[in-house]
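Q: Structure of the sequence below:
(chains A, B and C)
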Amino acid sequence: MVNLNVSVPSFVNLEALLTAIEVAATIAFAMSGLIEAVRRRMDIIGVFSVTFVSAFGGGTLRDVLLDRRPLFWVENPEYVWLVLVLTLVTPMLLRTRQHRLTNKLMELADALGLGLFAISGTSVALISGMPEIVAVIMGAITAAFGGVARDVLCNEIPKVFHDHRPYTLCALIGNTLFLCLHALGATPELSAGIGIATVTGLRLLSLAYHWRIPAWPPQK
Amino acid sequence: MVNLNVSVPSFVNLEALLTAIEVAATIAFAMSGLIEAVRRRMDIIGVFSVTFVSAFGGGTLRDVLLDRRPLFWVENPEYVWLVLVLTLVTPMLLRTRQHRLTNKLMELADALGLGLFAISGTSVALISGMPEIVAVIMGAITAAFGGVARDVLCNEIPKVFHDHRPYTLCALIGNTLFLCLHALGATPELSAGIGIATVTGLRLLSLAYHWRIPAWPPQK
Amino acid sequence: MVNLNVSVPSFVNLEALLTAIEVAATIAFAMSGLIEAVRRRMDIIGVFSVTFVSAFGGGTLRDVLLDRRPLFWVENPEYVWLVLVLTLVTPMLLRTRQHRLTNKLMELADALGLGLFAISGTSVALISGMPEIVAVIMGAITAAFGGVARDVLCNEIPKVFHDHRPYTLCALIGNTLFLCLHALGATPELSAGIGIATVTGLRLLSLAYHWRIPAWPPQK
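A: Model prediction:
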C-alpha cells in the first residue's frame, strides 16, 4: 500500500479505496508498457521486462534516490505476480479487438494512478525531510519515470518530454497545491485528497479537451 | 569472488573453479560490449565505457536495488583492470581475423557466466531476505542487465528483449529450479550446481539447436 | 558546495572561488542539455528534465554508486531553482541569436566544470575509501555521466563515446595526476589545484587546436 501518511477515519474505508486505485493504476501503468512491447514484436522476456519497468520504474527510482528500502515491489511481491499474469494473459486479449471502452477505462486508471503516485511520491519525499522543490520533483518522478524508462528501452525519445500533452505538468501542479495546503495546516487527508483530485482532474480535462502544451520556447 | 554461500569441501577446489568461471564470464560479458562499441567506431573512452557497463551493469543494478555495498567491481578492482586491459589489447586482435573457434569459446564462456551470475544473483537476493519471485528476477537482472545497458548506450532496443533467442529465459528456469531445490532442503552446493548446469546447459542447447522463442503473443 | 576536502587559507577566499566555478559549471552542464532539448522541440517538461539530468546526472550516479546521501541537489536545492530559472528564461534568449562570445564562454565554463567535478568526484571517492582505479573512474563519471544520460534521453549514442574529441580523457588524465600527487604527499590544495588545472587546461587546448582521438582501434 502506498503510504500517504493518512490516518483513516473509521467510518470511511479509505485504505481499501486507495488500494483499489493503486491496483488499477499499476495495471494501467503496466499496460502502457505491455502495449508498446507487443507493438515492437518483442518476445515474452521483453514484454515482461518493459511491462515491469513501466509499472515500477518511477517508484523504484524515487526510492533509490531517497535511499529507501525495501522497494515497493519487493515489499509487495503480489504486484510482481500481477505484472506476470498481465504479461501472460492480456496480449492474447489485445489481439481480438481493442474496445473503445477499454481505452477510456485505461485512460481513467492511468489518470488516477498519475494522481495517486504523484501525491504519494511527494508525501514520501516530504516525510524523508526533502526540501519542497525536491519533494515536488520526486512526486513527478514517481508518477512519470516509468514511462520515461519504457520509452528509453523501446529506443524512443520519452513521450512525456515531447508529445506536448499535459501529463507530468498535471502532477507538478497538483504536487505544488498539495504542499501549499500542507504548509497552510490542512489535514493530510484533505491536502492529499485535493492534490490527487487536482492531478487526476487536470489530466482527464486535458484528454477531454485535447489540451496541448507548446514546444519550449513557444513559437510566435 | 561471487558469494554462492557454498561451503567448500576440502577435497575439491571449488573456489578456484568458481573464480575461473567468473573470470571467463566477465571476459565474455565484457567482450560482447567491446565488439558492439568497436563496430560503432567509438573512441577508446566509448569502448571502455560500453565494455565496462556490459561486464558490471547487471551486478551493479542488483546491488543498487538491494542496497548492498561495496559493489562487486569496487571490492575487486582487479576486474576493472581486466576490463581496461581488454579494452587496450583485444581491439587490435579483433582486426586480424575472427576465428570460428574464438566465437565458440566466447559463447561457452558467456553461457557459463549466464549460469554463474544468474544463480549467484538469486542466491544473494535470497540471503538478503527477498521474496522468491523477487530473487528469481534479481538473478535474471544480474545475468542480463549488462547486455540491456550495453544496447541502450548503443542506441538499440535491447537484444535480449527481441532477438527471440532464449537467454534470460534460461536464467529464469534455472533460478526457479535452484529455488525449488533449496526449498526442498538440498544442500547449497547441490542446488547451486544443478541451477548453474541447467542455465548453462539450456543456453548451449538453444544455441546448438537454434531454438527460437516467438514474439509474444504468438501469431497463429 | 563541492567538498574538495581542502582547508581554506584565511588569506585566499578559495571557497568563494570554488562556489563560483561550481555555479558556472552547473550552468554550462545544464545549458548543454537545454540546447539539445530545445533543438528536439520538446515541451517545457522535456526541456526541464533533460536540463536537470545534464546538470546533476553525473554527481547523482556517483552518489548512488557510493551510497552517499543526501544527493548534491537535495542538499543544495538552490541549484534546482537555478535549473528551473534557466529552463524558463534562456530558451527565449536562444531564439534571438547565438553569440560567438556566448559559445566561447560556455566552452570555458564547461571546461572549468569538467575539471572541478572530475577532481571533486575523485576526491569524494577516495575519502569513501575506494581503490585508486575506482576513484579515477568515479571522478570521470561525475564529470561526464550527465552528458551520457542527456544523449540517452535524446535517443542518441552518447557524444562522449564517439565524437572523437577529448573530454572524459582529459578528466581521466587529470584525476590520475591528482592521485599521484596525493600519493606523493602533496597538500590537498596543491594536488586538487594542479588536477583541476590539468583537466581544464587539456580540454581548452583540445578545443583550441581541434585535437581528435581516433576510433579504437586506430585504423592504419
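Q: Chain B contacts on chain A?
A: Residues of chain A lying near chain B by Cβ under 8 Å from any Cβ of the partner chain: A:37-38, A:40-47, A:49-50, A:52, A:60, A:64, A:67, A:69, A:71, A:73-74, A:77, A:80-81, A:84, A:87, A:91-92, A:94-95, A:152-155. The C-beta positions use only the backbone N, C-alpha and C, and glycine is treated the same way.
Q: Quick check: which of those are also close to chain C?
A: Answer for the residues of chain A next to chain B near chain C (Cβ under 8 Å from any Cβ): A:64, A:67, A:152, A:155.
Q: Filter the residues of chain A next to chain B down to the buried ones.
A: Neighbour counting over these (16 or more other Cβ atoms under 10 Å in any protein chain shown) leaves A:37-38, A:40, A:42-47, A:49-50, A:52, A:60, A:64, A:71, A:73-74, A:77, A:80, A:87, A:91, A:152-154 as the buried ones.
Q: Restricted to strands, list the residues you listed.
A: Using DSSP state E, no member of those falls within strands.
Q: Helices - which of these land there?
A: A:37-38, A:44-47, A:49-50, A:52, A:60, A:64, A:73-74, A:77, A:80, A:87, A:91, A:152-153 (DSSP state H).
Q: What's the mean pLDDT across the lengthiest helix in chain A?
A: In chain A, taking DSSP H as the definition, the longest helix is helix A:100-127. The predicted model assigns helix A:100-127 a mean pLDDT of 89.
Q: So that helix, near chain C or not?
A: No - legend: contact between helix A:100-127 and chain C by Cβ under 8 Å from any Cβ is lacking; minimum distance shown is 9.1 Å.
Q: quick one: buried residues of that helix?
A: Quick answer for helix A:100-127 (16+ other Cβ under 10 Å): A:106, A:108-126.
Q: Show the subsequent helix or strand relative to the helix or strand hosting A:Thr176.
A: Taking DSSP states H and E as the definition, one finds A:Thr176 inside helix A:168-183. On the C-terminal side of helix A:168-183, the closest following helix or strand by DSSP H and E is helix A:188-208.
Q: How far off centre is that following helix?
A: Put simply, helix A:188-208 sits 13 Å off its chain's centre (Cα atoms, centre = their mean, to the nearest Å).
Q: Tell me the buried residues in it?
A: Within helix A:188-208, the residues that qualify as buried are A:189, A:191-196, A:198-200, A:202-204, A:206-207, counting by 16+ other Cβ under 10 Å.
Q: And it, what does it pack against?
A: Packing partners of helix A:188-208 (3 or more Cβ pairs under 8 Å, 6 or more residues apart in numbering or on different chains; DSSP states H and E): helix A:100-127, helix A:168-183.
Q: Save the ones you listed as TSV, and put in distance to C:Glu132 too.
A: As requested, the helices and strands packed on helix A:188-208 are exported to TSV (distance: least, Cβ to Cβ, whole Å):
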stretch	distance to C:Glu132
helix A:100-127	36
helix A:168-183	41
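Q: For the residue of chain A found nearest chain B, give its distance to B:Ser54.
A: Nearest residue of chain A to chain B (Cβ to the nearest Cβ) works out as A:Gly46 at 2.8 Å. Separation of A:Gly46 from B:Ser54 (Cβ to Cβ, to the nearest Å): 18 Å.
Q: ok, now A:Lys104?
A: From A:Lys104 across to B:Ser54, the span is 43 Å (Cβ to Cβ).
Q: Next: A:Ala25.
A: As for A:Ala25, its distance to B:Ser54 is 35 Å (criterion: Cβ to Cβ).
Q: what does A:Val160 give?
A: A:Val160 sits 29 Å away from B:Ser54, taking Cβ to Cβ as the criterion.
Q: These two: who's more crowded?
A: B:Ser54 (30 against 25; other Cβ atoms under 10 Å in any protein chain shown).
Q: The more buried one contacts B:Asp151, doesn't it?
A: No - counting by Cβ atoms under 8 Å, B:Ser54 does not reach B:Asp151; the two are 9.3 Å apart.
Q: list residues touching both of these two?
A: Common contact partners of B:Ser54 and B:Asp151 (Cβ atoms under 8 Å, 6 or more residues apart in numbering or on different chains): B:Glu36.
Q: how about the nearest residue to the residue of chain A found nearest chain C, chain neighbours excluded?
A: Proximity to chain C, evaluated over chain A using Cβ to the nearest Cβ, is greatest for A:Phe161 at 2.8 Å. Excluding the flanking residues, the one nearest A:Phe161 by Cβ to Cβ, 6 or more residues apart in numbering or on different chains is C:Gly46, at 2.8 Å.
Q: list the contacts for the one you found?
A: A:158, A:160-162, A:216, C:37, C:40.
Q: biggest separation within the residues you listed, which pair?
A: A:Pro158 and A:Trp216 (14.8 Å; Cβ to Cβ).
Q: Out of the two, name the residue with the larger neighbour count.
A: Neighbour comparison, A:Pro158 and A:Trp216: the larger count goes to A:Pro158, with 25 against 22 (by other Cβ under 10 Å).
Q: Now that one, what are its backbone angles?
A: Per-residue torsions, A:Pro158: phi -50, psi 130 (degrees, to the nearest 10).
Q: quick one: it and C:Cys154, what's the gap?
A: Look at A:Pro158 and C:Cys154: by Cβ to Cβ, they are 9 Å apart.
Q: circling back to that earlier point, could the contacts of C:Gly46 be laid out in TSV, adding pLDDT and distance to A:Ile133?
A: Converted to TSV, the contacts of C:Gly46 look like this (pLDDT from 0 to 100; distance: Cβ to Cβ, whole Å):
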residue	pLDDT	distance to A:Ile133
A:Pro158	96	21
A:Val160	95	19
A:Phe161	95	20
A:His162	91	24
A:Trp216	90	19
C:Ala37	94	20
C:Arg40	92	25
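Q: Quickly name whichever of those residues is closest to C:Ala140.
A: C:Ala37 (24.1 Å).
Q: I figured the closest one hits C:Cys154, correct?
A: Yes - C:Ala37 lies in contact with C:Cys154 (Cβ under 8 Å); the separation is 7.2 Å.
Q: Between the two, which contacts overlap?
A: Taking Cβ under 8 Å, 6+ apart as the contact rule, the neighbours common to C:Ala37 and C:Cys154 are C:Val50.
Q: any low-confidence regions in chain A?
A: Flagging of chain A using pLDDT under 70 yields the residue ranges A:1-13, A:95-99, A:220.
Q: Tell me who's in contact with A:Leu114.
A: Per Cβ under 8 Å, 6+ apart, neighbours of A:Leu114: A:25, A:143-144, A:167, A:170-171, A:199-200, A:203.
Q: same check, this time on A:Ala30
A: A:51-52, A:54-55, A:82-83, A:86.
Q: So of those residues, which two are at opposite extremes in space?
A: Within the contacts of A:Ala30, A:Ser54 and A:Leu82 form the most distant pair, 12.8 Å apart (Cβ to Cβ).
Q: picking up where we left off before, figure out how far the longest helix of chain A is from the centre of its chain.
A: Chain-centre distance of helix A:100-127: 4 Å, with Cα atoms, centre = their mean.
Q: Give me the angle between that helix and helix A:188-208.
A: For helix A:100-127 against helix A:188-208, the angle by axes from the mean of the first three to the mean of the last three Cα atoms, to 10 degrees is 140 degrees.
Q: okay, the angle between helix A:100-127 and helix A:168-183?
A: 40 degrees.
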